[in-house]
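[1] make a model of this:
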Amino acid sequence: MKIIPCEHATSHKWIAGASLLMFASMAGQTSLLAQFSGALRQEFDLSNSGFSLLYSGATFISACAIFFAGALADRVSAKTLATLTIMLLMLTALCAPFIQNTFQLAVFLTSLRFFGQGMLIHIAMTSMGRWFERRRGRALSITALGLTVGEAIIPFSVAVALSSLDWRSVWLVIAFALVVVILPLLLLLFKHAPRAYADRNATELAGGHSFDENKSGREWPRRRVLRDPLFWILFPGLLTMPCIGSLIIFHQGHLAGLKGWSQLQFTAFLPVIAVTSACASLLGGALVDKFGAWRMISVYLLPLMLACIGLAMIESLAWLPVILTLFGITLGLSGLLISSLWLELYGTAHAGSIRAISTSGVIVASAFGPGIAGVFIDLGVTLEKQAVFFAVWCMGWSGVYLACRGKLLRRIRPRPAPAVK
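    So this is what the prediction gives:
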């Protein structure tokens, strides 16, 4: 049987399948769930901080679950795991009409976050990181376009749908789309897994490559990564965009009210983030292939820093596209760099279990961001005031990453073997 190279012409199907998973993950993304905030708070009599903490708790539980479930990406085929995840996500959406209390709402949100934002993105990005080597950055960036397209059209579409339908009916429509549109397309695109990838991965997991302390750690298992000091230096700053981004999107109604805008006006400009994010991701993919993610992490937070300064100072709606453009640049680079950096440092043999660490961290960050921000809002600290702190945070982590360039260079470029005497 002929072995198909990982970067054969048919690879566009695998990329399209992974992009579809990213698009489907919108069912658990903050930008979509934020559209239901008003209806849920009214029906279940929740304050800003009450709903924020409920949402944060649900997200935190999903993060804990994916820390363990993420390792399945190393053992189960992408097609099987993705199919199961979409089916469970669809069943979760079907449960919306039966939610009667806050406990049931918490379980509902936890499932959406775990299967949507968590597992679908984890499967897509882990698979792309494994299937591609020379053009990994480009493959990851194109895959991320699925989420970008979703961010551009889904939140606004849901906001419009909620003007004529109740929130439970909207979730039934989402469930129908998952099983009738998304699932059949996924089965078609993932029909044939890349054989060369499977053979190579089997060799790696069987110990086909030797481990060398002086090299870049291409065989590092998760337990070793968790003991690596460099990982813990890099990791917290990489959670900045998920944290700040989710809290701004989640509390968009509060922010719009401060500025004198309507929430529909704010939502209508969200496609600016999508377009900018797509462009930044595509350009970033090429730059990652050329320069490496380890070089780019010292600058990717600077646009977000400027966006936060804008949120703190600017009142005119005319400036919102500029702020969202800066926001989108960092968003487009964030997921790409998180996925690429760990592969550069630790290799592909245990990519699923290692990426599960960062996936869990991203989910935790996106959980605590809205929750903590909601508490401060109720205490009278508006998002405008909080944005000043966010800007300083971004600048500080850019400095940390710049200071780590030497350590990263030594890790990425292994020392040459001593000459044989």
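
[2] any low-confidence regions in the stretch 201-350 of the chain?
    The stretch 201-350 of the chain contains residues with pLDDT under 70 at 201-219, 349.

[3] repeat the analysis, applying 50 as the threshold.
    Applying pLDDT under 50 to the stretch 201-350 of the chain picks out residues 201-217.

[4] would you map the helices across it?
    All helices of the stretch 201-350 of the chain, identified by DSSP state H, counting those that start in this stretch, fall at 222-225, 229-238, 240-250, 252-259, 263-268, 270-291, 293-296, 302-313, 320-346.

[5] how far off centre is stretch 158-170?
    Centroid separation for stretch 158-170 versus its chain: 25 Å, with C-alpha atoms, centre = their mean, to the nearest Å.

[6] do stretch 99-116 as well
    Centroid displacement of stretch 99-116 relative to its chain, using C-alpha atoms, centre = their mean, is 19 Å.

[7] once you drop chain neighbours, what's closest to residue 364?
    residue 63 (4.4 Å; C-beta to C-beta, 6 or more residues apart in numbering). Quick note: C-beta positions are derived from backbone N, CA and C, even for glycine.

[8] between the helices of the stretch 201-350 of the chain, which gets nearest to residue 375?
    Evaluated over those, closeness to residue 375 peaks at helix 240-250, with 11.1 Å, by C-beta to C-beta.

[9] residues in contact with that closest one?
    Applying C-beta atoms under 8 Å, 6 or more residues apart in numbering, the contact partners of helix 240-250 are 30-31, 33-34, 37, 52, 55, 255, 301, 304, 308, 311, 327, 330-331, 334, 362-363, 365-366, 368-370, 372-373, 383, 390, 393-394, 397.

[10] among those residues, which ones are in helices?
    30-31, 33, 37, 52, 55, 255, 304, 308, 311, 327, 330-331, 334, 362-363, 365-366, 368-370, 372-373, 383, 390, 393-394, 397 (DSSP state H).

[11] grab the most central residue of the chain for me.
    The centroid of the chain falls nearest to residue 335 when counting by C-alpha atoms, centre = their mean (5.6 Å).

[12] by how many degrees do the helix or strand hosting residue 50 and helix 240-250 diverge?
    When elements are assigned from DSSP states H and E, residue 50 belongs to helix 48-69. Using axes from the mean of the first three to the mean of the last three C-alpha atoms, to 10 degrees, the inter-axis angle of helix 48-69 relative to helix 240-250 is 140 degrees.

[13] now the angle between helix 252-259 and helix 48-69, please.
    Relative orientation of helix 48-69 versus helix 252-259 (the same axes, to 10 degrees): 140 degrees.

[14] what mean pLDDT does the helix or strand following helix 48-69 get?
    Counting by DSSP H and E, the next helix or strand C-terminal to helix 48-69 is helix 78-94. The pLDDT scores in helix 78-94 average 93.
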